[in-house]
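K.L.:
predicted model and sequence follow; I will ask about them next.
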Amino acid sequence: MSRISTGKKLPKYYKIYEQIYNTPDTPLYQITKNTGISRSTVSRYLREMYGLSIIRGPMLFLKPAQNYHQYACLLKFSNPMNAYSHFAGFPHVRNRTLCAGTWNIMLICERIMDFSHLKGFQKSVLQGVKGATYLPKVSYLNWDSSMNKIYNMLSLPEAKSVLYEEIKENSWEYPEWTLFDYFKNDIRKQAMPVLKEYTIRFERYQKWMSRLQEVALIQTAFYPRGMDTYIIFDFVFKSDYHRQLADILGKLPSTSLFFSVGSYFFVRLFLLNKREKDELFSLLFRLGELDFFTDFYYTVVVATSD
């Protein structure tokens, strides 16, 4: 498929994404009704969007609970490629990222761990309780339009904020965790294969699904040029204004990813070229001048298990 043909379809791709972001389980006929795009075209475009990694999800991101937390660990190893391979299948590691910069390994873990005894370990840049991952809805498809909007909305930050919501309890048992692992990257998948394989009753699946939003955020990502086209930058800001930073950087024309780690704010951004990188860093320096943060560090993502 040529880039030109994809570009022409982009407005309709966006309309379909918008429907799924707003209502993750919306059926095809409802997308057709809401967008005016024929059902056969919606079905075909969705296959294309998933095939080109233009759309991802709807994905599940767990909320912290009093009896369940995840931890973000930003680490530096002398041989990060070996470390990245070593952590594949490592107990309690949910996700891992290989990168180049201030840290070169990021782990999302279900337990806080001591990494100092591991071969090649150099230092821990940051470890702490992770808030739920937030993916704002993409509002702009054009870089210049999004940057104009951002600069027009800039003002001195006021009330302090973090992106952290902790629920009372995650009461899931083995069947619920099995369903989570199956559906975490796409809740629109067919349920019967996992129900049959693990002998989970349909009623239990229905109950789990009906209460899912109490335990997790359900969010869809959108990358207009296809995810593999982008350069991925990870940032950590020392900031008292997490929600304000998310509101600003969430205006960029592809899905951004955010979560809080105490007073630190993690941001993953997707950029297409050097011009976008240069303009982004100019924006960050302006945000620093406005006291949105006191310091920041960043890496470039090389590989991720997400």
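P.N.:
Perfect, thanks for sending it.
K.L.:
find the centremost residue of the chain, please.
P.N.:
Centroid-nearest residue in the chain, with C-alpha atoms, centre = their mean: residue 257, separated by 4.1 Å.
K.L.:
my guess is it meets residue 250, correct?
P.N.:
No - applying C-beta atoms under 8 Å, one finds residue 257 not in contact with residue 250, separated by 9.6 Å. Heads up, the C-betas are built off the backbone N, CA and C, glycines and all.
K.L.:
so which elements touch the longest helix seen in the chain?
P.N.:
Among the segments of the chain that qualify as a helix by DSSP state H, the longest is helix 3-22. For helix 3-22, the packing partners by 3 or more C-beta pairs under 8 Å, 6 or more residues apart in numbering; DSSP states H and E come out as helix 28-35, helix 39-51, strand 55-62, strand 216-222.
K.L.:
ranges for the helices of the chain?
P.N.:
Secondary structure of the chain (DSSP H): helices at 3-22, 28-35, 39-51, 80-86, 143-153, 174-183, 192-198, 202-210, 212-215, 242-249, 274-289.
K.L.:
comparing those helices, which comes out most buried?
P.N.:
helix 242-249 (a mean of 22; mean count of other C-beta atoms under 10 Å).
K.L.:
remind me what that helix packs against, helices and strands.
P.N.:
Packing partners of helix 242-249 (3+ C-beta pairs under 8 Å, 6+ apart): helix 143-153, strand 257-261, strand 264-271.
K.L.:
tabulate the ones you listed (CSV), appending mean pLDDT and distance to residue 15.
P.N.:
Putting the helices and strands packed on helix 242-249 into CSV (pLDDT from 0 to 100; distance: least, C-beta to C-beta, whole Å) gives the following:
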stretch, mean pLDDT, distance to residue 15
helix 143-153, 95, 17
strand 257-261, 96, 23
strand 264-271, 97, 21
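K.L.:
circling back: out of the helices of the chain, the one nearest residue 58 is which?
P.N.:
For these, the distance to residue 58 is smallest for helix 3-22, at 6.2 Å, taking C-beta to C-beta.
K.L.:
for that closest one, the distance to its chain's centre please.
P.N.:
Remark: helix 3-22 is offset 19 Å from the chain centroid, using C-alpha atoms, centre = their mean, to the nearest Å.
K.L.:
give me the angle between that helix and helix 39-51.
P.N.:
Interaxial angle, helix 3-22 versus helix 39-51 (axes from the mean of the first three to the mean of the last three C-alpha atoms, to 10 degrees): 100 degrees.
K.L.:
can you list contacts of helix 3-22?
P.N.:
Applying C-beta atoms under 8 Å, 6 or more residues apart in numbering, the contact partners of helix 3-22 are 26, 30-31, 34-35, 37, 41-42, 45-46, 48-49, 52, 54-55, 57-58, 137-138, 141, 188, 219-220, 222, 224, 226.
K.L.:
what's the angle between that helix and helix 28-35?
P.N.:
On the basis of the same axes, to 10 degrees, helix 3-22 is oriented at 100 degrees to helix 28-35.
K.L.:
pull the lowest-mean-pLDDT helix or strand in the chain out as CSV, backbone CA atoms only.
P.N.:
Scoring the helices and strands of the chain by mean pLDDT, DSSP states H and E places helix 3-22 at the bottom, with a mean of 86. Provided in CSV are the C-alpha atoms of helix 3-22 (Å, rounded to 0.1, in the frame of the first residue of the first chain):
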residue,chain,number,x,y,z
ARG,A,3,1.9,6.3,1.3
ILE,A,4,-0.3,8.4,-1.0
SER,A,5,-3.2,6.0,-0.7
THR,A,6,-2.8,5.7,3.0
GLY,A,7,-2.8,9.5,3.3
LYS,A,8,-6.1,9.8,1.4
LYS,A,9,-7.7,7.3,3.7
LEU,A,10,-6.4,9.0,6.8
PRO,A,11,-9.5,11.1,7.6
LYS,A,12,-11.6,7.9,7.6
TYR,A,13,-9.0,6.0,9.5
TYR,A,14,-9.2,8.8,12.1
LYS,A,15,-13.0,8.7,12.3
ILE,A,16,-12.9,4.9,13.0
TYR,A,17,-10.2,5.3,15.6
GLU,A,18,-12.2,8.1,17.3
GLN,A,19,-15.2,5.8,17.6
ILE,A,20,-13.1,3.0,19.2
TYR,A,21,-11.3,5.4,21.5
ASN,A,22,-14.6,6.8,22.8
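K.L.:
and the angle from that helix to strand 55-62?
P.N.:
Interaxial angle, helix 3-22 versus strand 55-62 (the same axes, to 10 degrees): 30 degrees.
K.L.:
now the angle from helix 3-22 to strand 216-222?
P.N.:
Following the same axes, to 10 degrees, one obtains 160 degrees for the angle between helix 3-22 and strand 216-222.
K.L.:
show the pLDDT at the residue nearest to residue 175 when sequence neighbours are not counted.
P.N.:
Nearest residue to residue 175 in three dimensions, chain neighbours excluded: residue 200, at 4.8 Å (C-beta to C-beta, 6 or more residues apart in numbering). On the pLDDT scale, residue 200 is placed at 95.
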